[in-house]
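**Q** structure of the sequence below:
(2 chains)
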Protein chains: 2
Amino acid sequence: MCPHATGDSLPADKSEMVAIPLNGESSTSTTNGTNGAPAYGVNKQGIKKRGTWRAPDAHLNREVKNPYAARASDLLSNLSNFNIIESTLREGEQFANAFFDTKTKIAIAKALDAFGVEYIELTSPCASEQSRADCEAICKLGLKAKILTHIRCHMDDARVAVETGVDGVDVVIGTSSYLREFSHGKDMAYITKTAIEVIEFVKSKGIEVRFSSEDSFRSDLVDLLSIYQTVDKIGVNRVGIADTVGCANPRQVYDLVRTLRGVVSCDIEVHLHNDTGMAIANAYTALEAGATHIDTSVLGIGERVGITPLGGLVACLYAANPEYVKSKYNLPMLREIENLVAEAVEVNIPFMNPITGYCAFTHKAGIHAKAILNNPSTYEILKPEDFGLTRYVSIGHRLTGWNAVKSRVEQLGLQLTDAEVKDVTAKIKELADVRTQSMDDVDTLLRVYHSGIQSGELAVGQKEALDRLLRRHKAEAQGRAASPSVERSD
Amino acid sequence: MCPHATGDSLPADKSEMVAIPLNGESSTSTTNGTNGAPAYGVNKQGIKKRGTWRAPDAHLNREVKNPYAARASDLLSNLSNFNIIESTLREGEQFANAFFDTKTKIAIAKALDAFGVEYIELTSPCASEQSRADCEAICKLGLKAKILTHIRCHMDDARVAVETGVDGVDVVIGTSSYLREFSHGKDMAYITKTAIEVIEFVKSKGIEVRFSSEDSFRSDLVDLLSIYQTVDKIGVNRVGIADTVGCANPRQVYDLVRTLRGVVSCDIEVHLHNDTGMAIANAYTALEAGATHIDTSVLGIGERVGITPLGGLVACLYAANPEYVKSKYNLPMLREIENLVAEAVEVNIPFMNPITGYCAFTHKAGIHAKAILNNPSTYEILKPEDFGLTRYVSIGHRLTGWNAVKSRVEQLGLQLTDAEVKDVTAKIKELADVRTQSMDDVDTLLRVYHSGIQSGELAVGQKEALDRLLRRHKAEAQGRAASPSVERSD
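**A** Residues are numbered from 1 along each chain as shown, chains lettered A, B, ... in the order given. Modelled structure (predicted):
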């Protein structure tokens, strides 16, 4: 079976895992009550206090300085003041596998609205007749999110767009010498003139308008700042920076956004492709530099490898300020939305997806398992319960440690000393050196070990006695299988 | 069928795509000869010239200034001077699904060596008996890559490690208050004393030694710099910074590495977890700040969602300096190595994986397709042919454009005017508004359209005539299917 069937992003075989109790659930003696302390200090209003954080001993009311918290000089930062422009129904439609029918588009729009994104961007109504009809249908849903459509910088497109009922129009044109030469063939004077005409027309209809360059990071800086300043002066609502080819890196993004922040007074949107895997980080640094709006798509779907994924963006912004992100978005819906889109475009949730990936909250190495059992914050900056998920500690492998095994022993209600747990852990490692042990295998071993200790047939270090007990258990189990009880049904 | 079966990271149904000729292959009239010009200026020694880049018109020998190229002030940058420490066989073994037998470990080590990574890191020989035996076996392979093993900062582990035949030992201990309290319970004085003992012991055996903190970004800065300075003075080869919990962001990484660069004279390694999806970007900024060694694993496998993936790191560093990266690594092997590891741990290559993802080189929107056909550099910063891959332009959908369709018309050897291509493109959009058209569907439509024009039964704009021709073609095809030829075999 394909181990990552769509709709199941948790480990396929949970039998090898130990589920660890979460905050508010019944705790065992292995948790210490500081379970899930926030990584950063948050006051009662949910506003992050810059420069301080809560140490794991925050329950003692001591605050220590975190040298790597956001700095006081980060006055530009919008990490706790941003909007998401969700473009699954525009950029996402440019993903090779995507074909959204009307019903699917409406389901995705409703799910994104329920999640809480501030804007939903739709394919240009000029792309096809159905695109126009779907745009109108989604505008009529009465969603809380503002509906945008994305058009070329052209009056023909603008005239169609403003009639669809959208709350805003996103206008785009290529400004790099690449796109000016090989795409539309227009010069900056023409681009500026057309931009002004389109923006003033859209504004005259009383709806929002954004002007974006395309391939901004390979455009001439002076050209860029000049046209942004021009459109800002005539009252554009937002200007957009687009890393159309996915060539930007975080410090470039920071510098360009910071520079632009000093030139325009309107909002700043960024649209970042993920060709080198840096689209999440580029969005993060854009917010640090004063950007106000980030484009995302669910799972990042879009042209080529797509853009900043919604889930990844939420993950890094949650890490920066959990309370703010929790107050804006319905985080437990994330997995459902990802499953909806994954199914629609026939892809699997990537196993290493932030938050919802296969093993995002699975801990394996013994040293990690030990610390997680003491305090999940040691190795987790995201609290799985905030996303409606559960953490797991994997124990049936050769990297296991006795603290993780001890937790399982307690869950099974068995009584073993630490020396005995260490002894049986050595046996798990020995068996797992040959093949990974399932949770059933581990449980059987623990029960056989425990009953041997209870009966006096076994003591710490008696390897041969343990092997003898395991062989006997196996023979008895096979005997039971050979003469099934009358209750067996076929 | 699962659309992303391991071992096939290209689109499952290539019939919907047009393969675009690559550099050096036979070209058609739709390519203009600048196909694949490097995005950055590279001189004959393969050294990137800072601050200049080649515009798409580089064949005209004009160089223009790229305001976002690496800056002259980036004297610390090691973007073109770094080593990869490939940790699939250590960190990767901590991935929940991973169980590598000896044969698999050797296959992975040989593949990584052939790819060209500078170091291969292995699980501690103290983890289990088989781990020790496998470590010794890999050391005996005579690989070009240096072999490292990764141990706790403890003399017991060090004594075992130095006997395995490794070229170096990577030592790690948790320094954050989290890990000091909830993991090992040791204070900084004890950590420093043990570190010195272990480092001097390993050095006395004549092999490399690295000392790393764990959870470095939640450690006290003064503690960190103090212990790094101490171990640097006693001659450690490398110090390591580890974002064990995946909480760091690019500017934090830049700041910490830059600060450390001023404190120690030894090499600096970074190990970055990917919980918020920023591990690639964090590695990139670490190199900008003067780090020398980056830890990776194939597909990023490791604890939870893993670490910086080898392929993603290669993608962003290739974008920064293609010639340097091509000179170091056997890039066309990347896909093979990813398939090898994906199969071993039973995961699929994520559809949005940099370089090898499902559609990393697939272009869909009409505006993109047009520019790609004119010059691939317009929308591609990675040249697929450098990775042994091919680009595709998808055309059977409602976002298609007439330039992409024209390319297919020429590939089929049909003669149509631009007006005729635009006319048939409108028909493709109309049909694709109902369902995505396969390449077979598109080809059939193009052939019927072409023969209608040739016979005079059709002219531009005659929608009803085209529908009639299509119905007649369909009826004829069904007639052929109903009376199969004698050659048909069952």
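**Q** ranges for the strands of the stretch 301-450 of chain A?
**A** Per DSSP state E, counting those that start in this stretch, the stretch 301-450 of chain A carries strands over the ranges A:362-363, A:392-394.
**Q** who does the first one pair up with?
**A** Strand partners for strand A:362-363, identified by DSSP bridges, are recorded as strand A:392-394 (parallel).
**Q** returning to what we had before: winner for burial among the strands of the stretch 301-450 of chain A?
**A** For these, the largest average neighbour count (mean count of other Cβ atoms under 10 Å in any protein chain shown) is found in strand A:362-363, namely a mean of 28. Where C-beta positions appear, they are placed from N, C-alpha and C, glycine not excepted.
**Q** quick check: the residue nearest the centre of chain A vs A:A342, distance?
**A** Using Cα atoms, centre = their mean, the residue of chain A that lies closest to the mean C-alpha position is A:G311, 2.6 Å off. Look at A:G311 and A:A342: by Cβ to Cβ, to the nearest Å, they are 11 Å apart.
**Q** shared neighbours, those two?
**A** Common contact partners of A:G311 and A:A342 (Cβ atoms under 8 Å, 6 or more residues apart in numbering or on different chains): A:L299.
**Q** and A:F211, that's in a strand?
**A** Yes. The assignment for A:F211 by DSSP: H, G, I helix; E, B strand; the rest coil puts it in a strand.
**Q** which residues touch it?
**A** When contacts are counted by Cβ under 8 Å, 6+ apart, A:F211 touches A:153, A:171-172, A:195, A:199, A:227-228, A:231, A:236, A:238-240.
**Q** tell me the spacing between it and A:Y254.
**A** A:F211 is 22 Å from A:Y254, by Cβ to Cβ.
**Q** where does the stretch 201-350 of chain A have low pLDDT?
**A** When the per-residue scores of the stretch 201-350 of chain A are filtered using pLDDT under 70, no range remains.
**Q** and the helices in it?
**A** A:221-233, A:250-261, A:279-288, A:310-320, A:322-328, A:334-344 (DSSP state H, counting those that start in this stretch).
**Q** show me where the stretch 1-150 of chain A has helices.
**A** Secondary structure of the stretch 1-150 of chain A (DSSP H, counting those that start in this stretch): helices located at A:102-115, A:129-139.
**Q** ok so, going back, so which of the helices of the stretch 201-350 of chain A is the most packed in?
**A** Most buried among the helices of the stretch 201-350 of chain A, counting by mean count of other Cβ under 10 Å: helix A:279-288, with a mean of 30.
**Q** distance of A:C153 from A:A291?
**A** Using Cβ to Cβ, A:C153 is found at 21 Å from A:A291.
**Q** residue contacts, A:L112?
**A** Neighbouring residues of A:L112 by Cβ under 8 Å, 6+ apart: A:86, A:88, A:120, A:145, A:298, A:337.
**Q** same question, A:V231
**A** Contacts for A:V231 (Cβ under 8 Å, 6+ apart) come out as A:195-196, A:199, A:211, A:239.
**Q** between the residues you listed, which has the most around it?
**A** Neighbour counts for the contacts of A:V231, by other Cβ atoms under 10 Å in any protein chain shown, peak at A:F211, which reaches 29 neighbours.
**Q** the residue lying closest to that residue once chain neighbours are set aside and A:H273: what is the separation?
**A** Excluding the flanking residues, the one nearest A:F211 by Cβ to Cβ, 6 or more residues apart in numbering or on different chains is A:V231, at 4.6 Å. With distances taken as Cβ to Cβ, A:V231 is found 23 Å from A:H273.
**Q** now do A:I372
**A** 35 Å.
**Q** repeat that for A:L75.
**A** Separation of A:L75 from A:H273 (Cβ to Cβ): 29 Å.
**Q** those two - which one has more neighbours?
**A** Legend: neighbour count by other Cβ under 10 Å for A:L75 and A:H273, higher for A:H273 (28 against 7).
**Q** can you name the residues bridging to that one?
**A** Note on A:H273: beta-bridge partners by DSSP bridges are A:I307.
**Q** who's in contact with it?
**A** By Cβ under 8 Å, 6+ apart, the neighbours of A:H273 are A:243-246, A:279, A:302-307.
**Q** for stretch A:399-418, buried residues please.
**A** A:399-409, A:411, A:414, A:416 (16 or more other Cβ atoms under 10 Å in any protein chain shown).
**Q** what about the residues you listed, which are in helices?
**A** A:402-409, A:411 (DSSP state H).
**Q** with adjacent residues omitted, what lies nearest to whatever residue of the stretch 151-300 of chain A ends up closest to chain B?
**A** At 3.1 Å from chain B, A:A281 is the closest residue in the stretch 151-300 of chain A, using Cβ to the nearest Cβ. Excluding the flanking residues, the one nearest A:A281 by Cβ to Cβ, 6+ apart is B:A281, at 3.1 Å.
**Q** alright, that wraps it up for me.
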